[in-house]
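Trainee: How does the following fold in three dimensions:
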Amino acid sequence: MIKNYIIENKKLPLIPIRGIGIFPNMVIHFDIGREKSINALEEAMLEDSDIFLTVQKEPDIDIPKEDDFYDIGVVCKIKQMIKMPGDNIRVLVEGLNRAKIKEITQEDPYFEAVLEEYVYDENAISDEKLEAMIRVSTDKFNEYIQSYSKISPDAVSSISGINNPDKLADAIASYIYLKSGDKQVILELLDPYDRLEKINSLLAKEIKVLQIENDINEQVKRQVNEVQRDYYLKEQMKAIQKELGEDESTEAEVEEYLNKISKAGMIKEVREKAEKEINRLLKISSSSPDAGVIRTYVDWLLDMPWDKKSKDNSDLKKARQILKEDHYGLEEVKERILEYLAVKHINKSMKGPILCFVGPPGVGKTSIAKSIARAMNRKYVRISLGGVRDEAEIRGHRRTYIGAIPGRIISSIAKVKTNNPVFLFDEIDKLASDYKGDPASALLEVLDPEQNKTFTDHYLEVPFNLENVMFITTANSTSTIPGPLLDRMEVIEISGYTEEEKLNIAEKYLVRKQLDEHGLKEKQVNISENAIIDVIQKYTRESGVRSLERNIGKLVRKATVKIVEDSKKSVTINSGNLKNYLGAPKYDFETIYEQNQIGVVTGLAWTQVGGETLFIEVNTMKGDGKLQLTGQLGDVMKESAMAALSYIKANNEKFNIDEKLFKETDIHVHVPEGAIPKDGPSAGITMATALISALTKRPVRKDVAMTGEITITGRVLPIGGLKEKLLAAKRAGIKKIILCNKNKADVERIESKIIRTLEIVYVNKIEEVIKEAFVDSNESIDK
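Mentor: Sure, this is the predicted structure:
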């Protein structure tokens with residue numbers, strides 16, 4: 001038996017704890033997450049027993065063994081257990097008595113130990129020496145509290161009321177600041193006198209340190225007064241940095257930044273934000289990661305062109321000449337830019353327009369934007385939005401993220417150093433969205449003239465005025481652009497080029513461009529007009545001129561080989577030798593049938609690469625009245641076929657069709673090129689004409705094409721994409737086009753050179769279509 005202690009033997013679950021200490025009669029909480037610790041806790045709760053806590057010697061060891069924790073610890077009572085996020089458990093325990101490990105009985109699934117528990121004998125008699133040590137310890141603790149203001153004064157009264165030397169020593173130890181090693185030393189001292197003696201020694205040392213610390217604070221306070229509070233804070237930072245041996249140039253750096261901020265032309269809100277951020281450098285260490293973040297942020301603010309803009313070109317004749325030099329056609333786009341420049345010349349505060357160029361690939365939507373910037377004397381910025389699905393690409397990342405940067409809008413404007421560039425959003429119809437956000441919704445603020453003057457990037461966190469920026473967007477189709485976004489833009493449709501336009505573009509721009517790129521002069525390679533026409537008709541099939549430019553580039557390269565290899569001074573390419581350079585023709589637009597056909601009608605379709613001719617073929621055979629649709633048709637196109645057949649069945653007498661024929665005949669409607677998906681309502685009258693032709697065995701004129709929606713009452717409805725469809729008909733050798741009467745206004749807006757060789761017939765009912773399309777036009781079908 002140890003003096004004044006009763007020893008009890010018991011077996012308890014054991015938990016090694018890290019980074020904290022515990023004494024008897026002390027209540028603490030801590031988190032556990034290791035599997036063995038959780039198992040030990042659950043066992044103690046299950047058996048309604050106490051638990052033994054001992055401190056781990058090395059906190060970094062995740063899987064401790066028997067030798068990795070101290071032998072002496074504290075038997076504790078579990079008062080509360082709370083499950084925390086991440087499979088951790090927060091435990092509230094109360095220390096009861098010291099205990100020493102006699103034997104570890106098991107290590108899995110948790111530590112279990114046989115202990116000697118030391119219970120202080122409450123009836124033990126204290127001698128004079130111990131009484132004196134108690135008084136000295138109490139006085140020392142009172143002195144410590146006076147120097148250390150962080151301990152509540154209530155602690156004095158609680159300590160004064162303890163007469164038990166064992167509890168007094170542990171109570172004082174729990175209040176004072178102790179290193180982990182000192183805590184364990186005190187815990188292992190069983191004799192209350194020895195323990196109090198050690199505590200007094202530590203208290204004396206701590207009191208001396210606190211007195212020195214208070215002296216330093218008093219010395220600094222005497223050097224400054226209330227009026228010099230800001231100066232006092234700076235002096236403190238200097239003193240700390242000097243002790244740490246850090247660079248003292250931070251103040252000079254801050255002054256330099258503040259000078260730059262005052263000259264940057266920022267609005268008041270932005271200037272105050274920049275000054276607040278840069279002044280934070282004075283309060284943190286120059287080697288702190290936050291210092292680098294602050295510098296980068298302020299550098300971005302300084303890089304922004306808050307009051308810098310390009311001077312617009314007010315010479316309309318010069319602007320018109322530049323646009324004409326760079327692009328052939330595109331008159332509507334050019335006129336819109338000249339209108340803006342004219343109004344801007346009168347009203348300097350006019351906001352920049354937001355234009356959307358819609359058209360097939362290769363018609364010059366992107367390149368005209370660059371020419372617009374040159375004509376207006378502005379900087380040019382281009383961002384491709386194809387496949388962009390992260391909102392941060394538009395608005396930037398918040399500064400809380402590591403490696404955060406502004407969005408592409410702000411970073412691009414900072415790069416060009418002016419706040420009124422021509423800003424191109426390319427392929428806006430190909431935006432995507434996912435869990436990272438919706439970029440299209442983020443663009444709503446950017447492309448709204450009423451909102452973009454206070455556009456706030458997530459990184460900058462201050463408003464930047466975008467109303468001086470001229471935004472231009474491009475798209476192949478408006479169908480995939482969200483409605484609210486489309487509503488904010490002025491849509492200008494750019495249709496495909498005619499053969500005559502392509503010829504002019506090739507002669508004036510493409511041939512010269514390819515010669516320059518290949519380092520040749522015009523006299524070295526001569527491409528005849530007929531050769532270019534053949535390339536357009538037989539080697540390309542597009543609305544734009546990209547494929548045409550590639551083929552011209554191929555001609556120039558082949559000619560270069562001849563010049564170098566055969567030492568020729570010049571090469572001439574014409575229709576006769578074109579095959580030698582490009583091979584056999586790839587396309588033949590003269591695809592109309594050589595003779596009139598029964599059940600075959602030429603339709604017209606719109607695609608993203610321009611117009612196409614579309615043949616509708618109908619076959620009839622003996623059967624039981626089934627309708628079969630093939631050619632990878634979409635739902636709308638299938639419904640058009642069914643609507644056409646319903647109308648024909650309901651009006652069979654008008655077309656001299658026996659009613660029994662529908663019950664005894666299977667009808668097969670097919671659209672060739674079955675690998676290509678097809679959809680849309682514009683093939684309705686084409687299908688109806690083909691069905692009537694097949695059922696009546698009357699041929700349809702080979703040089704007639706048609707497009708229009710049909711209803712089950714036989715009405716013909718208008719459709720879109722007319723220019724592209726008429727161009728396709730013209731390429732295919734079609735002479736007569738049948739359209740809805742309501743499309744007349746659309747045709748009038750198309751250039752006369754496109755339609756001057758076409759006979760356009762306007763109709764309201766399917767009966768009028770039949771009259772124009774069938775070979776025997778004298779036969780009356782309207783009976």
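
Trainee: helix or strand for residue 53, which one?
Mentor: Taking DSSP states H and E as the definition, one finds residue 53 inside strand 51-55.

Trainee: who does that strand pair up with?
Mentor: In the sheet, strand 51-55 lines up against strand 5-17 (parallel), strand 72-83 (antiparallel) (DSSP bridges).

Trainee: Helices along the stretch 51-200 of the chain, start to end?
Mentor: With DSSP state H, counting those that start in this stretch as the criterion, the stretch 51-200 of the chain has helices at 128-147, 154-160, 165-175, 180-188, 192-223.

Trainee: Of all the residues in the shortest one, which ones are buried?
Mentor: Buried positions in helix 154-160, judged by neighbour count with 16 or more other Cβ atoms under 10 Å: 155, 156, 159. Glycine gets a C-beta too; all of them are placed from N, C-alpha and C.

Trainee: Among those residues, which one sits closest to residue 323?
Mentor: Ranked by distance to residue 323 (Cβ to Cβ), the buried residues of helix 154-160 are led by residue 155 at 84.7 Å.

Trainee: pretty sure that closest one is touching residue 175, no?
Mentor: Yes: between residue 155 and residue 175 a contact is recorded at 5.6 Å, counting by Cβ atoms under 8 Å.

Trainee: Any regions of the stretch 101-250 of the chain where pLDDT drops low?
Mentor: The stretch 101-250 of the chain contains residues with pLDDT under 70 at 223-234, 237-249.

Trainee: now the spatially most central residue of the chain: how far from residue 448?
Mentor: Nearest to the geometric centre of the chain sits residue 390, at 0.9 Å (Cα atoms, centre = their mean). According to Cβ to Cβ, to the nearest Å, residue 390 and residue 448 sit 21 Å apart.

Trainee: Residue 310 too?
Mentor: Look at residue 310 and residue 448: by Cβ to Cβ, they are 23 Å apart.

Trainee: quick one on the thing from earlier: just the helices of the stretch 51-200 of the chain: most buried one?
Mentor: Most buried of those by mean neighbour count (mean count of other Cβ atoms under 10 Å) is helix 165-175; its value is a mean of 23.

Trainee: which strands and helices sit next to it?
Mentor: Packing contacts for helix 165-175, counted by 3 or more Cβ pairs under 8 Å, 6 or more residues apart in numbering; DSSP states H and E, involve helix 128-147, helix 154-160, helix 180-188, helix 192-223.

Trainee: okay if I get those helices as CSV plus distance to residue 339?
Mentor: CSV is the format used below for these (distance: least, Cβ to Cβ, whole Å):
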stretch, distance to residue 339
helix 128-147, 81
helix 154-160, 81
helix 180-188, 79
helix 192-223, 69
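
Trainee: who wins for proximity to residue 66 among those helices?
Mentor: Ranking the helices and strands packed on helix 165-175 by proximity to residue 66 (Cβ to Cβ) places helix 180-188 first, at 17.0 Å.

Trainee: Off-centre distance for that closest one?
Mentor: When C-alpha coordinates are averaged (Cα atoms, centre = their mean, to the nearest Å), helix 180-188 and its chain have centres 55 Å apart.

Trainee: What of stretch 556-571?
Mentor: Centre-to-centre, stretch 556-571 and its host chain are 49 Å apart (Cα atoms, centre = their mean).

Trainee: Which positions in it come out as buried?
Mentor: For stretch 556-571, burial by neighbour count (16+ other Cβ under 10 Å) applies to 556, 558, 559, 560, 562, 563, 571.

Trainee: Stretch 322-336 too?
Mentor: Buried positions in stretch 322-336, judged by neighbour count with 16+ other Cβ under 10 Å: 322, 323, 326, 327, 328, 329, 330, 333, 334.

Trainee: ok, residues contacting it?
Mentor: When contacts are defined by Cβ atoms under 8 Å, 6 or more residues apart in numbering, stretch 322-336 is touched by residues 320, 337-338, 353, 355, 357, 364, 367-368, 370-372, 374-375, 490, 492, 494, 497, 501, 504-505, 508-509.

Trainee: if we go to 6 Å?
Mentor: For stretch 322-336, the external contacting residues (Cβ atoms under 6 Å, 6 or more residues apart in numbering) are 364, 368, 371, 374, 375, 492, 501, 504, 505.

Trainee: what does stretch 48-61 give?
Mentor: Residues outside stretch 48-61 that contact it (Cβ under 6 Å, 6+ apart) are 12-19, 22, 44, 64, 68-70, 73-78, 184.

Trainee: again, only using 7 Å
Mentor: Contacts to stretch 48-61, defined as Cβ atoms under 7 Å, 6 or more residues apart in numbering, come from residues 12-19, 21-22, 40-41, 44, 64, 68-70, 73-78, 96, 99, 113, 115, 184.

Trainee: any idea of the mean pLDDT for it?
Mentor: Averaged over stretch 48-61, pLDDT sits at 90.

Trainee: CA-only coordinates of that stretch in PDB, if you can.
Mentor: C-alpha atoms of stretch 48-61 as PDB (Å, rounded to 0.1, in the frame of the first residue of the first chain):
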ATOM      1  CA  ASP A  48     -21.500   0.400 -18.200                       C
ATOM      2  CA  SER A  49     -18.000   0.500 -16.900                       C
ATOM      3  CA  ASP A  50     -15.300   3.200 -16.600                       C
ATOM      4  CA  ILE A  51     -12.500   3.700 -19.200                       C
ATOM      5  CA  PHE A  52      -8.800   4.200 -18.800                       C
ATOM      6  CA  LEU A  53      -7.100   7.100 -20.600                       C
ATOM      7  CA  THR A  54      -3.400   7.400 -21.000                       C
ATOM      8  CA  VAL A  55      -1.300   9.800 -23.100                       C
ATOM      9  CA  GLN A  56       0.400   8.600 -26.200                       C
ATOM     10  CA  LYS A  57       4.200   9.300 -26.200                       C
ATOM     11  CA  GLU A  58       4.400  10.300 -29.900                       C
ATOM     12  CA  PRO A  59       1.200  11.900 -31.200                       C
ATOM     13  CA  ASP A  60       2.100  11.200 -34.800                       C
ATOM     14  CA  ILE A  61       1.800   7.400 -34.400                       C
END
